[in-house]
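In: The following block contains a protein sequence and its predicted model.
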Amino acid sequence: MKILRFCLVLLLFTVGTATAQESDLPDVNWDIASTESSDFTGFEESFSLYGYMIDYFQASTDYGNQKFSTPSFGNALLLRLKGDWRPEKNLRFHLEFSYLNNVGNQNPYVIYEQMGLSSFSQSDFPLEDFNQRMFIDHAWGLVNFGNFDLQFGKFPIAWGTGYVFNPTARVSFPPFLDMVTEDTPGVPAIVPSYAISERLALQAYLAFQDRTQKSNAFREDSEAKNIPYGLKIKTIIGSYDLSLSWFREVLYNDMDYRPIDDILDETASEYVQGIVGNSLFAGMLAEGDTAGVIDLFKQGALAAMTSELPVNNNYMRSYFLGTDFAGAVGNFGVYGEFAFRIPKNSAGTRLSLTDYKIEDNLEAAIGFDYTIPGIDIETRFEYFYQGSGVKRMSDYNLLTVLSGERLVLSRNYAMLFLEKAPNDYHKFTIAFFSNLNDGSFALLPAYNYLPYNNFEFTAGAFILGGKKGSEFDGRYSIYGIKEIDLIDNIMPYLRLKLSF
C-alpha cells in the first residue's frame, strides 16, 4: 500500500503464507449451528473469538567487495484478534483488532528518516508513541435477503484470482511498511451482491476512501468523482470461474515528480518575493509610514480571508475494464487476471484514443499451480505485466512506488514458488522473484516447523541481487542528486506464529 524493502518482502512473503486472494463474495453458511438462544427470535445466537500472534525478528546486512556491512536488527510483534457474531439467522457481524509493535529496522519511521523523506521530527511530538499502535482494521456487518447479500462497514475488497499480483484489486494495496500481517487491509465501503442463479452472480462496491488510505482529510474526499466504485458479473462455465468488471480507481498522490531544478526555482522565487515584500515594509517603516504598512497588511489579510479555498488537484482517477478466470487444465490449476485502463484525454474528462497504446495501459497476471507427482512438490508460477512501468533503468523513479502509483518499477516480472512437506511437521519452501527487464532478483528460502496444530516456527532469508541501478540492487537516486542504499541484499529472519 503499494521495490522497497518492505513492499518487496510483503509481496513475496504473501506467496508462502496465502493460497489466494480473499474471496470477493462473503463465504457465509447461514445454516450453521449456534450456541446461545435469543429471547426475541428463537434463533440460537453464535459467537466465536479467535486470532493469532506473530513475532518476527530480522537481521539485515549488505554483502559487497568480499565483506559484510554492519548489520541492523529489528522486531515486529503483531496481535490479531478476530470475532464473529451471529445475532440472528441472516445477520452476521465481524471485527478484527490489531496491536502492532515495530522496533529497529522494522520501524517505518526509521526507514523514512534513512530516505530523507520524513516530513517531521519525532522530537516535536513527545507524547506520540512511534513504536506501537492499536487499531480496528475490519468491522463489518452482513445482511442476507435470500439471493441478495448486503455487506457494509470496513472490510477488504479483494477482487481477482492472482496469488501475488491482482490488477483488478484497485481499492487498497498491501500495507507499505508492513511485512508481518497476513490480512488484506479494510476500506469503508458498501457491497451489494445478488446471486441470479447458482452459476451467475452480480456484485458492486462503493468505497469511501482512496487507494492510499491517507491519514489526511480534505473536502475533495466528499466529491462524487473521488469515490471509488466497481461493478462485476461473475459466472461459472464448466470448471472455470469467469468474471467481467468495470471500476474506478482513486489515488491521492501529493508527491512532486518534477525535476529538482524546477522545484528549487519555484521555491527560490517565493523566497525572493518574501524578501522584496519585507524590504518594502522596512522602507515604509523607516520613512515613518506606519499607517501605510498597516493598510497593506489589512488588504492582504482581507484578500486571504475572502478568497476561496485552493483546489486540491492531487487526486488521480483511472477507469478500468477488468476480467479474470480460474480453473483447471488436467492436473494444472490455471488463472489469469487483466485490467485495461480506459483511454482519456489529457484533462481526464472524456474518452480519447489519441496516442493510446494498449501495451502502456494493460496490467496482467497469469499463472498456474501444479503438484509434481512422485515427489509431491507443490509448484506455483506467476507472470506479471505492468504497462505503466518503465523499460529502462535510467527511467526508474522511486517516488512512483512510494506514492502508490506503481506497485513495482518496471514492466515484466516472474515468480516461481516451490513447496515440499515431507510430513505434517516440516515444510521447505523457496520463492524466486525476478524483474525480467533488468535481471535483478529476490530469492526467499524458508523452513517451517509445526510441532503443534496452532504453532509454527519459520526460519528463512531474503537474498537480493542485481547490477547497480537495477530494482533489487537497493541503491536508488532521489531527484537525481541523492543516492540511498535502501535495501540490504541479505536479510535472515525468524518468525513465530501462535494461533488461537
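Out: Arrived safely.
In: What separation do you get for R341 and I136?
Out: Going from R341 to I136 by Cβ to Cβ, to the nearest Å gives 33 Å. The way it works is simple: take the backbone N, C-alpha and C, and place the C-beta from them, glycine included.
In: So what pairs up with F247 in the strands?
Out: G230, F320 (DSSP bridges).
In: what's the neighbour count on it?
Out: By other Cβ atoms under 10 Å, the residues close to F247 number 24.
In: do L351 as well
Out: Residues lying near L351 (other Cβ under 10 Å) number 10.
In: what about the stretch 251-400 of the chain, any weak spots by pLDDT?
Out: Within the stretch 251-400 of the chain, the segments meeting pLDDT under 70 span 260, 345-350.
In: which stretches of it form strands?
Out: With DSSP state E, counting those that start in this stretch as the criterion, the stretch 251-400 of the chain has strands at 315-329, 332-341, 362-372, 377-386.
In: Who are the packing partners of the longest one?
Out: Just to be clear, that refers to strand 315-329. Counting contacts by 3 or more Cβ pairs under 8 Å, 6 or more residues apart in numbering; DSSP states H and E, strand 315-329 is packed against strand 240-252, strand 332-341.
In: Kindly confirm my reading that D149 is in a strand.
Out: Yes: judged by DSSP: H, G, I helix; E, B strand; the rest coil, D149 forms part of a strand.
In: one step back: would you reformat the strands of the stretch 251-400 of the chain as a markdown table and include mean neighbour count and distance to Y205?
Out: Shown next, in a markdown table, are the strands of the stretch 251-400 of the chain (neighbours: other Cβ atoms under 10 Å; distance: least, Cβ to Cβ, whole Å):
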| stretch | mean neighbour count | distance to Y205 |
| --- | --- | --- |
| strand 315-329 | 18 | 13 |
| strand 332-341 | 20 | 15 |
| strand 362-372 | 19 | 19 |
| strand 377-386 | 18 | 23 |
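In: Would you mind saying which of those strands lies nearest G64?
Out: The closest of the strands of the stretch 251-400 of the chain to G64 is strand 377-386. By Cβ to Cβ, the value is 28.6 Å.
In: mind listing what that closest one pairs with, with the direction of each?
Out: Sheet pairing for strand 377-386, assigned by DSSP bridges, gives strand 362-372 (antiparallel), strand 412-420 (antiparallel).
In: Could you check the angle the longest one makes with strand 315-329?
Out: Yep, that's strand 362-372 we're talking about. Counting by axes from the mean of the first three to the mean of the last three Cα atoms, to 10 degrees, strand 362-372 lies at 30 degrees to strand 315-329.
In: what's the angle between strand 362-372 and strand 332-341?
Out: Inter-element angle recorded for strand 362-372 and strand 332-341: 170 degrees (by the same axes, to 10 degrees).
In: Contacts for strand 362-372, please.
Out: 160, 162-167, 331-341, 377-388, 415 (Cβ atoms under 8 Å, 6 or more residues apart in numbering).
In: Roughly how far does Y240 sit from T429?
Out: Y240 is 28 Å from T429, where distance means Cβ to Cβ.
In: Please name the nearest non-neighbouring residue to D55.
Out: L496 (4.5 Å; Cβ to Cβ, 6 or more residues apart in numbering).
In: Pretty sure the one you found sits in a strand.
Out: Yes: assessed with three-state DSSP, L496 lies in a strand.
In: Contacts only, for it.
Out: Contacts of L496 by Cβ under 8 Å, 6+ apart are I54, D55, Y56, F455, E456, F457, T458.
In: go again using 7 Å as the cut-off
Out: For L496, the contact set (Cβ atoms under 7 Å, 6 or more residues apart in numbering) comprises I54, D55, F457.
In: The last one touches A446, doesn't it?
Out: It refers to F457. No: the criterion here is Cβ atoms under 7 Å, and F457 misses it with A446 at 10.7 Å.
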